[in-house]
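Novice: any chance you could fold what I've pasted below:
(chains A and B)
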Amino acid sequence: MFHVEHAMSLVDFDIVVVGGGHAGIEAASASARMGQRTALITMDPEKIGLMSCNPAIGGLAKGQLVREIDALGGEMGRIIDIAGIHFKMLNKSKGPAVWSPRAQADRKLYARVARERLSHLVNLKIIRGQVNGLVYTRDRICGVRLDDGREIVSSVVIITTGTFLNGVIHIGLSQMRSGRAGEKPATGITEALIENGFKSGRLKTGTPPRLHRDSIDFNQFETQEPDIPPKPFSFATGEIKRHQVNCHIAYTNSKTHHALQEGFNESPLFTGRIRATGPRYCPSIEDKIHRFSDKPRHQLFLEPEGYSDPEIYLNGFSTSLPERVQIKAIHTVRGLEKAEIVRLGYAVEYDFFPPHQLHFTLETKRIQNLYLAGQICGTSGYEEAAAQGLVAGINAALKLRNDPPFHLDRSEAYIGVMIDDLINKSTLEPYRMFTSRAEFRLQLRQDNADLRLADRGKQLDLLESPVYDKILQKRQHIAELEKIVQERKIKPAEFNKKYAGKSTNIKQPATLFNLLKRPEVHLKDLLYKPDDHDFMPAAIDEVEFNAKYEGYISRNRDMINRFKQYEAKNIPADFDYRTIKALSAEAIEKLVNIRPVSLGQASRISGVTPADLSILLIHLERRKYQKSKVSRETFSVS
Amino acid sequence: MTKLTDFGQTIIALATALGTGSIAVVRLSGKEARHIVNQNFVGTDITRAKPNTIHYGSIVDDRIVIDEVLVSIFQEPNSYTGENVVEISCHANPIIIDRIISRMIRSGASHAKPGEFTLRAFINGKIDLAQAEAVASLISAKSASGLSQAINQLQGGLSDKINRLRMTIVDLVSLMEIDLDFSEENIEIAAPEKLVEDFQDLISETNHLIESYNYAKLFDGSLKIALIGPPNAGKSTLLNSFLGEERAITSERPGTTRDTIHENILIDNTWIKLVDTAGLRDTRNRLELEGINRAHAQVSESDLVLYVVDLTATFSAREKQYIQNTLNGIKQNIIVVGNKIDIATNKHTLSFITSLGFPVAEISARNKTGLTQLKKQIMDIIASGFETFKDETVITSLRHRDILSRVKENLYRAKKMVENNTGFECIAIDLRAALDHLGEITGETVADDILNRIFSGFCIGK
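Specialist: Residues are numbered from 1 along each chain as shown, chains lettered A, B, ... in the order given. This next block holds a predicted model:
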């Protein structure tokens, strides 16, 4: 059991985290482990870490985020490794640069593991309560107010309320104020922020119905088996011993589509009841049918919510159509004719705050020491939220210690890509990570997150030494292997014998490096010396990848260098855009609002044209030139 | 990603104005300026030459001499831009200029954007702000607003073609990104054979575009002079005189030139297309009428019209009226050329044509008298029409051609990768690079376009 604070008096904390979802967990954990006295305030401590929607972690591009969170010492990878019941590496048929790990979890177990891990943190107190107000002095946060009258004083507040802010749930034409099925919404926070001049918007996200396992005829479906053995997310996990389960694939048909169409005029989307924008890429089933009416069938995935949980999550059937329509439509699917719907699908509409109002540290620009992270910033997905929570928690702690902030750029991590996108682009819809958002995708792979980020995790004291040491060893092995691969040669006789019929013969001895260029040749097969057995498989994979993709990697490296040049062209914080007449009006507005720190960041702001950038460059250079002139002159005078 | 000026690149461009004078200066600025020129220069070793010196030699392309030139060396920071600058003074023949620039680009230079030299000069503290600002918007505005009007006219709707090329590539990249980011949905991606075909089509399309930026064609396509006039006025003879050969068929009988004949001539180092046409007269002869219609069509596409009249002929009142009407109906500039001045004893026709209200030239095509004067009149009129034909137009065109060549390389590599079954995540690198390059012409960014394309066209969602 964990300790829950019920005291009625003022409590002092360094950092308060509002909301116990995926962002809140990472923020609270990082903050506590970095030595800050932290409080996590949640309406229901039993629901910490409870997945609102899909009971799965990872997926395309999201799996990369989880690996990065893990390399930095975050929680998500560790939790899913314990609670995962169906692990799969996606995109295995494609190149390693786009492989993404994914795992389905036993939902209740996941939440329990999350709570347990938090309960072990010495600096963390979990407080049951609902925040309905913020406390400020001038433009700095100093705490939160709870609905029972308590005030909690703290130096930093991190808001990670997810979909709860003024949440409204829609099923058909009925609505109910709720943050998640069966839970109250959060009120007061949006109003407090708007009072301070923050801009807010409305977003919506949908969730599918849950069905009762015993009412489903699984024989009618294709089975989807997990990877055996399951590959862990975390670099800290050894082996996953937990029993793995199968998933199943079902299909809608024309009867399903007709049934759904009958309900369109009662759909909150179609009747305009929900004015908020939903994601284009995770549309409800009614969206799919409406927009792609010529497609004869849509795929559905039946995902178990847990070993002993009787609920099955019907992935692909996100909907907010009325009850009878959902029931009728589901019953037209082969295998689901008698399915019992345990929970209806619904749409939840909620407040969010466009993230251009944040610095790259996720601190708000208007109120010091106030941070926003997660779905409240307009992202969708647990992994996106967790990454932001981690960044916010780390930066809040660093700020309190007067240390320089934590920043990842677009060439270092997907986390960097996401935060850069969030603070620079205007989001009209929930932001989700795709590999195509990362221009340096080839370098940001799920398998090298540790090599890229473990140093940072160690520096922050979030990544523990034994794990870090393993990563150092991997690096060591890679260095040795790179040397071997460049220097060691294989004689024609050996190679031709081993690869007879599989690869063309060689006439001269060839280095391993050159041979690895051939797709059919794998490094592990070429390492036959007795010492070679000791090399870590992960190291072998990395060196092989570098050899096979060498051309692309060096081209990418050039691009990265040019990218970094522009990132390094700093724009002073007091730069007065309004005095530059040549800039377009739209650019001035955006630049003043966002205040990019570098020319590189400026180039990514929508509304800033190449012409504007040229002008900016000129003025920056002029300022530099004048400053150096002045200092030279002063020097000569004295 | 936008490129402002990349100091890692050595830039090159024509530094002198077009169409005037007999010497052109091609300028290179950047770290590698000397090295790049030296690779293609026969004379002294440019890399060892002292600054502020001039050297005589030849620019060669694989040992074939392109031109004899003077090369001026400037050492950073004492140059126009503040970088290492090499200026090549060559003959102002567009083909020569083009060859020299292309050769240097193949050796590693990249074509300057309009005003890029000036921008570098400013950044290096050589000139002041006002001028630099004006120039900076030039660099990007030309890109952002698409191809300028002048170029569009010259090249016939190229911006449309470039946009289509771009959209096709966006479609291809989107397909690939869908395959990578949404492989869990069942969305059919094109078969490899079809992709290879698509790339081949794109490469051909890009080649066509590159062709249309052919430097010589800048003149070829736009500067056109139509020779029209009554039958047997001596048009074909005049054409031959300009050419110096007996290309067109001349004979005593009127009405010989039924078809239109095009020839390129060099007047004052400027290439001009001369079009000889059938004789214009009031006729019912069907074949003749066809020729006359074609002549009028040529006129409408020309920049200048030479109306050639035989000074020894006499015209009836009706014929005079016909001539006056024809001339009044022409929008282009006209020079009325009175031919056979050497044997025209009667001054009537001469005073008739002088009274028409157009500039007049008196020549003998056969004896080649009065031609120099006529050429000068032609160039004066054309030079005044050169308004739309500024240096930046040409520079922008050459730069576009340079960009399109890089795009072609990207596409070619992508095609090879598809043939080798390379993963889409690698092919996407080249395709996005191609889009980045095209974006330098059209001013559009890549990333949002692809996402938009994906979501508008495909059913995604789980």
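Novice: pull up the gap between the nearest residue to residue A:548 once chain neighbours are set aside and residue B:412, please.
Specialist: Ranked by C-beta to C-beta, 6 or more residues apart in numbering or on different chains and with sequence neighbours excluded, the top spatial neighbour of residue A:548 is residue A:516, at 5.9 Å. Quick note: C-beta positions are derived from backbone N, CA and C, even for glycine. For residue A:516, the distance to residue B:412 equals 25 Å [C-beta to C-beta, to the nearest Å].
Novice: check residue A:333 too.
Specialist: Using C-beta to C-beta, residue A:333 is found at 48 Å from residue B:412.
Novice: poorly predicted segments of the stretch 151-300 of chain A, please.
Specialist: Residue ranges of the stretch 151-300 of chain A with pLDDT under 70: A:269-283.
Novice: residue boundaries of the helices in it?
Specialist: A:189-195, A:254-262, A:285-291 (DSSP state H, counting those that start in this stretch).
Novice: show me which residues of the first one are buried.
Specialist: For helix A:189-195, the neighbour count (16 or more other C-beta atoms under 10 Å in any protein chain shown) marks A:189-193 as buried.
Novice: repeat for the longest one
Specialist: Within helix A:254-262, the residues that count as buried by 16+ other C-beta under 10 Å are A:256-257, A:259-261.
Novice: run the chain-centre distance for it.
Specialist: 34 Å (C-alpha atoms, centre = their mean, to the nearest Å).
Novice: contact partners of it?
Specialist: The contact list for helix A:254-262, computed with C-beta atoms under 8 Å, 6 or more residues apart in numbering or on different chains, reads A:285-286, A:289-290, A:293, A:296, A:319, A:321, A:325, A:328-330, A:332-333.
Novice: wait, which of the residues you listed is closest to residue B:350?
Specialist: For the contacts of helix A:254-262, the minimum distance to residue B:350 (C-beta to C-beta) is 78.8 Å, reached by residue A:293.
Novice: where's residue A:313, which helix or strand?
Specialist: strand A:311-315 (DSSP states H and E).
Novice: give the buried residues for the helix or strand just after that strand.
Specialist: Moving toward the C-terminus from strand A:311-315, the first helix or strand encountered (DSSP H and E) is helix A:323-331. Buried residues in helix A:323-331, counted by 16+ other C-beta under 10 Å: A:325-330.
Novice: what ranges does the stretch 301-450 of chain B have for its helices?
Specialist: B:317-328, B:348-354, B:371-384, B:391-419, B:424-442, B:447-457.
Novice: please identify the deepest-packed of these.
Specialist: Greatest average neighbour count among these goes to helix B:424-442 (a mean of 23), per mean count of other C-beta atoms under 10 Å in any protein chain shown.
Novice: what's the angle between that helix and helix B:391-419?
Specialist: Here the directions of helix B:424-442 and helix B:391-419 differ by 170 degrees (axes from the mean of the first three to the mean of the last three C-alpha atoms, to 10 degrees).
Novice: pull the CA atoms of helix B:424-442 into PDB?
Specialist: In PDB, the C-alpha atoms belonging to helix B:424-442 read as follows (Å, rounded to 0.1, in the frame of the first residue of the first chain):
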ATOM      1  CA  PHE B 424      11.400   3.100 -48.700                       C
ATOM      2  CA  GLU B 425      13.000   4.900 -45.800                       C
ATOM      3  CA  CYS B 426      16.100   5.300 -47.800                       C
ATOM      4  CA  ILE B 427      14.400   6.200 -51.100                       C
ATOM      5  CA  ALA B 428      12.400   8.800 -49.200                       C
ATOM      6  CA  ILE B 429      15.700  10.600 -48.400                       C
ATOM      7  CA  ASP B 430      16.400  11.300 -52.100                       C
ATOM      8  CA  LEU B 431      12.800  12.100 -52.900                       C
ATOM      9  CA  ARG B 432      12.600  14.600 -50.000                       C
ATOM     10  CA  ALA B 433      15.900  16.100 -51.200                       C
ATOM     11  CA  ALA B 434      14.400  16.500 -54.600                       C
ATOM     12  CA  LEU B 435      11.400  18.200 -53.100                       C
ATOM     13  CA  ASP B 436      13.600  20.500 -51.100                       C
ATOM     14  CA  HIS B 437      15.400  21.500 -54.300                       C
ATOM     15  CA  LEU B 438      12.100  22.100 -56.100                       C
ATOM     16  CA  GLY B 439      11.000  24.100 -53.100                       C
ATOM     17  CA  GLU B 440      13.900  26.500 -53.900                       C
ATOM     18  CA  ILE B 441      12.100  27.300 -57.100                       C
ATOM     19  CA  THR B 442       8.500  27.300 -55.900                       C
END
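Novice: and it, what does it pack onto?
Specialist: With contacts taken as 3 or more C-beta pairs under 8 Å, 6 or more residues apart in numbering or on different chains; DSSP states H and E, helix B:424-442 sits against helix A:550-568, helix B:129-144, helix B:158-181, helix B:391-419.
Novice: quick one: which of the ones you listed is nearest residue B:274?
Specialist: Between these, helix B:391-419 lies closest to residue B:274; by C-beta to C-beta that is 22.1 Å.
Novice: the closest one vs chain A: in contact?
Specialist: No: using C-beta under 8 Å from any C-beta of the partner chain, helix B:391-419 stays clear of chain A, with a minimum separation of 9.6 Å.
Novice: is stretch B:79-95 positioned near chain A?
Specialist: No: judged by C-beta under 8 Å from any C-beta, stretch B:79-95 makes no contact with chain A; its nearest approach is 11.4 Å.
Novice: start and end of that stretch, how far apart?
Specialist: Terminal residues of stretch B:79-95 lie 28 Å apart, using C-alpha to C-alpha, to the nearest Å.
Novice: for that stretch, buried residues please.
Specialist: Per 16+ other C-beta under 10 Å, stretch B:79-95 contains these buried residues: B:79-94.
Novice: can you pull out the strands in chain B?
Specialist: Under the criterion DSSP state E, strands of chain B are mapped to B:11-14, B:23-29, B:41-42, B:54-61, B:64-74, B:85-91, B:110-111, B:224-228, B:261-267, B:270-276, B:304-310, B:333-339, B:360-362.
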